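**Student:** Next comes the sequence, and after it the predicted model I'd like to discuss.
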Amino acid sequence: MSTQVSMTLEQLCEKALQLPLHERIQLAETLFDSAESEDANEDPAEVEAAWAEEIKHRVEEFDAGTAESSPVRDVFARVSARLKRISNAQVQPR
């Protein structure tokens, strides 16, 4: 007879963060893929309409000067630094 113990989201996250880096990445990919498959069930016309509205909203913010933006070189520098940290990460036991 097996006993199933349910965890809170906080407990699950705490356990997941204790995994080695490659396993955390694999878990993240699995969760992302599961979310993508749920998106596949959405009506493409509704998705397209939602994106059109979001684009309109962002353009309006940009034109009004209220949007936050960053030069592309800064964005690439941040992404590059983060990728470097990830590739050099040493998994430390907690």
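**Tutor:** Arrived safely, thanks for sending.
**Student:** just checking, next helix/strand downstream of the lowest-mean-pLDDT helix or strand in the chain?
**Tutor:** Every helix and strand in the chain was compared by mean pLDDT, DSSP states H and E; the lowest is helix 21-39, with a mean of 85. Scanning forward in sequence from helix 21-39 by DSSP states H and E, the next helix or strand is helix 44-64.
**Student:** Starting from that next one, tell me the next helix or strand along the chain.
**Tutor:** helix 72-87.
**Student:** relative to helix 21-39, how tilted is that following helix?
**Tutor:** Computed by axes from the mean of the first three to the mean of the last three Cα atoms, to 10 degrees, the angle separating helix 72-87 from helix 21-39 equals 120 degrees.
**Student:** so how far is helix 72-87 off the chain centroid?
**Tutor:** 16 Å (Cα atoms, centre = their mean, to the nearest Å).
**Student:** Now do residue 49 against residue 41, distance only.
**Tutor:** Noted for residue 49: a distance of 16 Å to residue 41, by Cβ to Cβ, to the nearest Å. Every residue, glycine included, has its C-beta placed from N, CA and C.
**Student:** Those two: which is more packed in?
**Tutor:** Between residue 49 and residue 41, counted using other Cβ atoms under 10 Å, residue 49 has the larger neighbour count: 11 against 6.
**Student:** distance of residue 40 from residue 64?
**Tutor:** 35 Å.
**Student:** low pLDDT regions in this protein?
**Tutor:** Applying pLDDT under 70 to the chain flags the ranges 1-5, 39, 89-94.
**Student:** make it 50
**Tutor:** Low-confidence segments of the chain (pLDDT under 50): 1-2, 91-94.
**Student:** helix/strand/coil for residue 19?
**Tutor:** coil (DSSP: H, G, I helix; E, B strand; the rest coil).
**Student:** who touches the spatially most central residue of the chain in this structure?
**Tutor:** Among the residues of the chain, the one closest to the centroid is residue 32, at 7.5 Å (Cα atoms, centre = their mean). The neighbourhood of residue 32, defined by Cβ atoms under 8 Å, 6 or more residues apart in numbering, contains no residues.
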